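K.L.:
Dropping the sequence and predicted coords here.
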Amino acid sequence: MNIVVVLKHIPSVADELPVRGNQVDFDSVDFVLNEWDEQSLEQAALIKEALGGTVTAIGVDVIGELDNLLHLALAKGADRAVKIAADDAGADSHRQAKWLSEAIRPMAPDLVLVGVQASNDIDGQLGPLLAAYLDLPYIGVVSSIEVQDGTALMNKEFAGGFGARYSVRLPFVAGVQVAPKPPRYAPVSKIRQIAQTAKIEVLEPSGEADSGLVFRKVAPPVVSGHAEMIEGSPKEIAARLVALLKERGLA
Amino acid sequence: MLSSIEKVVFVIVALIALGVSFHGFWMIVFTVRQGRPAPELKNIPGSLLRAAWRVLLQQTIFRARPALSAVHLALFFGLITYAFVNLFDVLEGFVAGFDLTYGGRHMTAIFLPSGVVNAFNLISDLMSGALLVAIVVFLVRRFGVRDRRLQFREQVLLHPKVRAGAQHTDSLIVGVFVIMHVTAHLLTQAFRLTEGPDPFMPLASLLNAWLGPSEVGMHVAWWVSLGWVLFILAYIPPSKHTHFFLAPINLGLAKQTPRGQLDPAIPLKVIQGQTFEPGAKHIYDLAWTRLLDAYACVQCNRCQDVCPAHAYGRPLSPAALEVNKRYLLKDATFGGRLQVLQQPLTETAISPEAVWSCTTCYACVRVCPVGNEPMADIVDIRRRLIVDGAPLDSGVQSALQSLATNGNWMGKSKRLRGRWAKEMDFPIKNALEEPVEYLWFVGDTASFDERVIPNTKMTARVFYQAGLDFGILYQHESNAGNDVRRVGEEGLFEQLVERNLQVFGQAQFQRIVTTDPHSLNTLKNEYPQFGGAFEVKHYTAVLVKLFEEGRLKVKKPLDHYKVTFHDPCYLGRYNGGFAAPRRLLNLLGVEFHEMPRNCENSFCCGAGGGQIWMSKVAPGERPAENRIREALSTLEKFPNGKKQLFIVTCPKDMIMYSDAVKTTGSEGRIEVRDLIQLVAEAIGIEEAQVVAIAA
Amino acid sequence: MSKDILVVAEHFNGKIADVTFEMVGKARELAAGLGGKVVALVIGAGVEANDLASDATLQVNEPALTEFNPEAYARIVEAVVQEQAPRLVMFGWTSMGMDLAAWLSGRTGAPCAAYVRDLRLENGGLVISCQAYNGKLIAEVEPQGEMTIAACLAGSFPTEAGRGATAATSIPSPIALDSLRVRFVEAIQPPPGDVDITTQAKLVAVGRGIGGKENIELAEELAEKLGAVVAASRPVVDAGWLPRTRQVGKSGLKVKPKLYLMLGISGAPEHLEGMKDAELIIAINTDKKAPIFNVAHYGATADLFEVAEAMLELL
């Protein structure tokens, strides 16, 4: 199995996002790994453990700090790490997907795993764009993948616990919603060891694509209302809530 | 006294017994040497001598259980006396004319002054009595009243033999030995007294009055007495009573580094052709000194008594860990079952759940009379579990991931670390931009936790009022790593140390101050190992200094408060910071009462060693709840209508105990306050002023 | 290039999904401004598709496509788009639409806007509002070019305006179905026997703040006392602490209970989408800035465990 896992380095939403002009002020936000990419990385590691093969982690280096994520990926079971040195914090999904597709095509992967979405996918997710550029089928919101004889059996989730099982002939691109197991912890000693020895292949961005979206304005949402806040100790809050519920016949 | 045949038989039996014993001890030496290199021990003869002195004074054992310790003292000196008694018994048997009865009146072999002989006779006679009383007390305690402290809980992982009670059999054998041996010795002496009672041998004389002298009796009793000694010599090496010999040695070889400095995850000593994985998976991954621990342990369970996890009902018993280690080594060395050593410690010595229950409070190590370090074993086991990718508690995992990316465990953005400082109505210096005398290392909880930030602001205000020249690192501070190291994530710890040292290098300061004992501990005791030696002070010590220099003055004494004080593990037990907070309480004029467990014997709040990160909350009385009840019963002994306060000097304590006051339903009876709140009140900073800052 | 709007319909169990009615309604409004028509595309046979307010409804009456097939659907939409050349193609930002919208963008080069919360016309051009960065920012974008693709968050528009009586026109599949690489194997049903949270009058919903599986019990106890059922946000379900059937939100279920009591949910848009219509929303969270407090009717900044335990004593 030749598995490619795509990592997306995105602004952290743990904090308020400062805006400059018509974009996020990329210089003053922390960049983190897209949370769904942790799931796709875990899914890749699980497939590799079951079947053998190699896992290649690849991503667009948007702020020059992708090495950290690639080291993490190597510590979690990836065998090879590739970065596309773009140094373009505002690179949208279209551009990233184009560069990635040019880099991934020569790798002739059996399976490309991508996090199902990212919070900055304003122009769509990497997965389906990549699939379109690579001329491969795409299937997203995936919660498990098992590969056998050149075919993957996988579960896709719909809302409310409903889902469907699909079989897909390799190769294809999958957008992972959740791995069958919680992502493993990579000890820092291992990551640091890897950081010292690992070779990260560096590629220049190649190919051009454009989201075709012109940003007019980026701003925090206008808050229409706010809850009536109940103050006090937990006991007082509880008493107030219980009274409220009883008043309305809900308790 | 003995016939020639008896002499020959005795010599042969004695040689066999000594041979077996020697072989046993040699096996132990061999086994212990299989352990990893320990941190270098300096001046071993000196520390062995010091240990011998402490053993002689029975100093370490009186840290707990005073009554039982007194009984141990009797047993100890009884057995020391008996070393001489046995020597003289052998001489009496082998040397014609060697006779100590009646002040040595019939002594023809050598000359000894009768005063000396009589003194020895009296001491050994009385010590025989003391030994008998002591051993009966111990036997009754174990087998009569079945002291629960000698038992292990059902959930604690135990070696099958321990589960079946092998340690009790060991005790019984030695108990019977002492009784038989001492009684037989007394009888030997009694049968010797051919001329009526000897006033310097009261017990022997009493027996003599009852039984009379007897040549045959003397021979039989002598053989019983000395025969037991030979048997015991051979029996000791595989039993827990190696304690007799190895406890003092172990105490002499105990940890020499500061309490707050963990041993490295990989031995520093380089051994040609040998590489080590971090931490411990198998028993031989432990340092040799900690293998020796298992032989020094007499299984008294004092560590279990003081363990907060054990009190909480978790499946952790530090004692069981040592006992299990001992039985594992015994299986291998004396049972020929080497394969047991290939099983992970988490299957044979301590369950993973127990490993993750430890709060690293150091109480077990502190209380151990023989210098054992079960806590260090637990940290080593954690280290390997982390490296091996064992499943982690989800809360711990997300804390560690956040620490790696954000430098704090709360998942907060770095940039928010100094937000509280920007909300103050006076500027707080950035130590990276201008020189300061005190670099205030704020720590995660004090920087980010909404419940603690008011205290952080209060501290800043008091420092400011005193004119202290201080600054903080704002977003450039990272978690100091104390708890990261204790949860076993050595790599992340090193990364955090490097980040902080790099930032320290860019700042100009003379010393570090912190309100967080955890940060204090690692900055003070562990950073020097990484090349960062600083003077590190707890804010309580700085405040004392400010009062003494007159830079802070008590404007209104707080005599309307009745308070008790909780010693945080990492301030008190680890770093001896007992005096400063008490001095402050004294200066502030509060009515102060000590809880029964104070200072060295303080009881952990349950947050340390990564426990505060655990998502899993086990059922049972949490350590902090236990502590609040202790505080209440302490303060309520003095009913006088004053407001009752539980004073803390650690941000984590603020959280743990505020929670515990609520969960125990003690609101209205006791309130948790940081010492800084009292200081602020006493020097005239209005509560309202600080609330305004907090808002 | 036409001025028409193509709405790619979503259906489940033979019924058109609400998000489709929402989009058709919005599309009618936009089409009026553009001077074009609204065409709905329904892929699959056996779908009741005669109640949309579209100007035309095309139905690919192919039994093999009644169940969603990402590859086939994508290629059919591509073929229809090529033929019709619409001004705007609308998808739901759902498990289905998420597989199609960006793919179509990649294939056609037309711009794609995701996380769409609103669309409007300004000077004849489209302005689209996208709810980016977990709802922390709203991005207003102007798509360039002749065709635009929009993936709309469910619940963004009312459904009423999309309801009508346009009879569907059957069309043959524009692509060959025999060489597909993706094959539907079977439907996965929610684990049987579990409660249906969409029909419950009261829900106690837990989020990441609950901390661990062990703590679900506390929520269960509180729910039992209130005569409610426990629901959850996505992270709780992803972590395996509760089954999928309990998940509220975009990728879960949409609920409209009388009481929605939230413990430790910060209020990501994904979750808000599923519960914002509840009659009484009460949120308890330690973060006073949590977005949920903008949606809830009553809120408290407190430790959820303490409040829940205190409530248990009072109930």
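P.N.:
Sure thing, it's come through. Here the structure is a predicted model, which means the values were calculated and not measured. Numbers count the residues shown, from 1 in each chain, chains lettered A, B, ... in the order given.
K.L.:
Give the residue spans of the chain that score low on pLDDT.
P.N.:
All of this is about chain A. By pLDDT under 70, chain A has no low-scoring segment.
K.L.:
That was the other one, I meant chain C.
P.N.:
For chain C, the stretches flagged by pLDDT under 70 are C:1.
K.L.:
for chain B, what are the nearby residues on it?
P.N.:
By Cβ under 8 Å from any Cβ of the partner chain, the residues of chain C that approach chain B are C:211-212, C:214-215, C:239, C:286, C:288, C:303, C:306, C:309. Any C-beta I mention is one placed from the backbone N, CA and C, and that applies to glycine too.
K.L.:
of all those, which comes closest to chain A?
P.N.:
Closest approach to chain A among the residues of chain C next to chain B (Cβ to the nearest Cβ): C:E306, at 3.5 Å.
K.L.:
so the closest one is in which element?
P.N.:
helix C:304-314 (DSSP states H and E).
K.L.:
Packing partners of that helix?
P.N.:
Applying 3 or more Cβ pairs under 8 Å, 6 or more residues apart in numbering or on different chains; DSSP states H and E, we find helix C:304-314 packed against helix A:234-247, helix B:651-663, helix C:216-226, strand C:259-263, strand C:280-285.
K.L.:
So which of these is the most surrounded?
P.N.:
Per residue and on average, the most neighbours among those fall to strand C:259-263, with a mean of 27 (mean count of other Cβ atoms under 10 Å in any protein chain shown).
K.L.:
Quick one: name whatever helix or strand follows that strand.
P.N.:
By DSSP H and E, the next helix or strand past strand C:259-263 is helix C:269-275.
K.L.:
just the CA coordinates of that next one, formatted as CSV?
P.N.:
C-alpha atoms of helix C:269-275 as CSV (Å, rounded to 0.1, in the frame of the first residue of the first chain):
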residue,chain,number,x,y,z
PRO,C,269,-21.7,26.3,14.1
GLU,C,270,-21.8,22.6,13.4
HIS,C,271,-23.7,22.1,16.6
LEU,C,272,-25.8,25.3,16.5
GLU,C,273,-27.2,24.2,13.2
GLY,C,274,-28.9,21.2,14.9
MET,C,275,-30.4,22.9,17.9
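K.L.:
Buried residues of it, list them for me.
P.N.:
C:269-275 (16 or more other Cβ atoms under 10 Å in any protein chain shown).
K.L.:
Redo the helices and strands packed on helix C:304-314 as TSV? Include distance to A:V178.
P.N.:
Shown next, in TSV, are the helices and strands packed on helix C:304-314 (distance: least, Cβ to Cβ, whole Å):
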stretch	distance to A:V178
helix A:234-247	33
helix B:651-663	32
helix C:216-226	18
strand C:259-263	22
strand C:280-285	24
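K.L.:
Could you count how many residues lie near the residue in chain B positioned nearest to chain C?
P.N.:
Residue of chain B nearest chain C, by Cβ to the nearest Cβ: B:S615 (3.4 Å). By other Cβ atoms under 10 Å in any protein chain shown, 19 other residues sit near B:S615.
K.L.:
That one against B:L392, yeah?
P.N.:
No: between B:S615 and B:L392 there is no contact under Cβ atoms under 8 Å: 10.2 Å.
K.L.:
Other residues contacting stretch B:160-167?
P.N.:
Outside stretch B:160-167, the residues within contact range by Cβ atoms under 8 Å, 6 or more residues apart in numbering or on different chains are B:152, B:240, B:299, B:320, B:323-324, B:327.
K.L.:
Which two among the residues you listed are spaced furthest apart?
P.N.:
For those, the farthest-apart pair by Cβ to Cβ is B:F152 and B:K240; their separation is 14.3 Å.
K.L.:
max-length strand in chain C?
P.N.:
Longest strand in chain C, counting residues (DSSP state E): strand C:112-122.
K.L.:
roughly how far out does stretch C:78-85 sit from the chain middle?
P.N.:
24 Å (Cα atoms, centre = their mean, to the nearest Å).
K.L.:
residue of chain A with the smallest distance to chain B?
P.N.:
Nearest residue of chain A to chain B (Cβ to the nearest Cβ) works out as A:S189 at 2.9 Å.
K.L.:
and C:V24, how many neighbours does it have?
P.N.:
The number of residues near C:V24, taken as other Cβ under 10 Å, comes to 30.
K.L.:
element containing it?
P.N.:
helix C:18-34.
K.L.:
which non-adjacent residue is nearest B:G313?
P.N.:
B:G620 (3.7 Å; Cβ to Cβ, 6 or more residues apart in numbering or on different chains).
K.L.:
Now do the contacts for that neighbour.
P.N.:
B:312-314.
K.L.:
Is it in a helix, a strand, or coil?
P.N.:
coil (DSSP: H, G, I helix; E, B strand; the rest coil).
K.L.:
That one and B:R153, how far apart?
P.N.:
Plainly put, B:G620 is 12 Å away from B:R153 if you go by Cβ to Cβ, to the nearest Å.
K.L.:
shared neighbours, the two?
P.N.:
Residues touching both B:G620 and B:R153 (Cβ under 8 Å, 6+ apart): B:G313.
K.L.:
Near the residue in chain C positioned nearest to chain B, how many other residues are there?
P.N.:
Relative to chain B, the nearest point of chain C is C:G212 (3.4 Å; Cβ to the nearest Cβ). By other Cβ under 10 Å, 16 other residues sit near C:G212.
K.L.:
residues touching it, list them.
P.N.:
Contacts of C:G212 (Cβ under 8 Å, 6+ apart): B:393-395, B:615-617, C:241.
K.L.:
And for C:V248?
P.N.:
C:V248 neighbours (Cβ under 8 Å, 6+ apart): C:197, C:203, C:205, C:231-233, C:254-255, C:271, C:274-275.
K.L.:
Adding secondary structure and distance to B:G19 as columns, could you present the residues you listed in CSV?
P.N.:
Formatted as CSV, these follow (DSSP: H, G, I helix; E, B strand; the rest coil; distance: Cβ to Cβ, whole Å):
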residue, secondary structure, distance to B:G19
C:I197, helix, 77
C:L203, strand, 78
C:A205, strand, 74
C:A231, strand, 75
C:A232, strand, 70
C:S233, coil, 72
C:K254, coil, 84
C:V255, coil, 81
C:H271, helix, 76
C:G274, helix, 80
C:M275, helix, 81
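K.L.:
Mind picking the two most distant members of the residues you listed?
P.N.:
Pairwise over those, using Cβ to Cβ, the maximum falls at C:A232 and C:K254, 14.2 Å.
K.L.:
For the residue of chain C closest to chain B, give me phi and psi.
P.N.:
Main-chain dihedrals, C:G212, degrees, to the nearest 10: phi -170, psi 160.
K.L.:
re the thing from before, for the helix holding C:E306, which positions count as buried?
P.N.:
Buried residues in helix C:304-314, counted by 16+ other Cβ under 10 Å: C:304-312.
K.L.:
Return the distance of that helix from the chain's centre.
P.N.:
Taking Cα atoms, centre = their mean, the mean C-alpha location of helix C:304-314 is offset from the chain mean by 33 Å.
K.L.:
what inclination does that helix have with respect to strand C:259-263?
P.N.:
Interaxial angle of helix C:304-314 relative to strand C:259-263 (axes from the mean of the first three to the mean of the last three Cα atoms, to 10 degrees): 130 degrees.
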